[in-house]
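> quick one, what's the 3D model for this:
(one chain, ligands or ions: 1)
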Amino acid sequence: MKYKHLFFDLDRTLWDFETNSKQTLIEMYEEYELEKHLSVSSEQFIKSYKQHNEELWNEYRVGKIDKDYLRSARFLRTIEEFGVNSNELAEQMGFFYVSKSPEKTGLFPNTIEMLDELSKYAKLHIITNGFDEVQHIKLKQSGLTPYFDHIVTSEHAGVKKPDPAIFEFAIVNSGAMTNESLMIGDDLPVDLLGAKHVGIDQAYFNPTKKSHQEDVTFEYQNHLELVDWLLDR
Ligand SMILES: [Mg+2]
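A predicted model of the protein is given here:
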């Protein structure tokens, strides 16, 4: 196989963020008896949370608010929408979410089959934008840790994808060469254009077939397609 080092993104590439998040929110809905307190269905609760979460993430990305604020404010705004104004409840919900969600184990179809096969031919690594502790819990709980030689988080590297420095950090750390490396991820500007910028080939995991104009080395919808493509190289 041409590629000796495969660098994977974690969230939404291997670890099924949407499914795991939804499961956590349903557990929260039951734990805090939100049907009773908010008079709302779990679907409405999740829909409202997603809207507020997205708005607050946009503010977080441009540096308007910090992570601690984001963590409880997304729940405060949600419960306020249903007539409950309690900072204390919102903080408890925020804590529940950040402690429970990383323990969820939902992976994309064929993730383990892919890693089993590819680990016979190449070294596997992770490059993830996220916090050390949280990302390591996800990897461990979902049984992924043993597959990876090097796990680079943005917290550890001090910079986030698509900053070239995090890819260079990962390459140097793992003893890889750029021309024998491949970056696999779901986020076109962050994972793939970032890698391309430093001369690393890219495989775009695009399960929902989002349309785009970028030129990537390989694009696919199911992890078994990546295995087939790699074994031909
Ligand atoms: Mg991702």
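
> ok, longest helix in the protein?
With secondary structure taken from DSSP state H, the chain has its longest helix at helix 42-61.

> what's the domain layout of this protein?
Split into domains by automatic domain parsing, the chain comes to 5-16+106-231, 17-103.

> give me the mean pLDDT for the shortest one.
Looking back up the chat, that one is domain 17-103. Averaging pLDDT along domain 17-103 gives 96.

> start and end of stretch 7-15, how far apart?
Start-to-end span of stretch 7-15 (C-alpha to C-alpha, to the nearest Å) is 14 Å.

> and that stretch, is it in reach of the ion?
Yes. Using C-beta under 5 Å from the ion, stretch 7-15 reaches the ion at 9, 11-12. C-beta: built from backbone N, CA, C; applies to glycine.

> and among the domains of the chain, the most buried is which?
Compared across those, domain 5-16+106-231 shows the largest average neighbour count, a mean of 18 (mean count of other C-beta atoms under 10 Å).

> show the end-to-end separation of that one, please.
Distance between the two ends of domain 5-16+106-231: 14 Å, counting by C-alpha to C-alpha.

> check the offset of it from the chain's centre.
10 Å (C-alpha atoms, centre = their mean, to the nearest Å).

> ok, now stretch 23-32?
The chain centroid and the centroid of stretch 23-32 are separated by 21 Å under C-alpha atoms, centre = their mean.

> do the same with stretch 1-10
For stretch 1-10, the distance to the chain centre is 17 Å (C-alpha atoms, centre = their mean).
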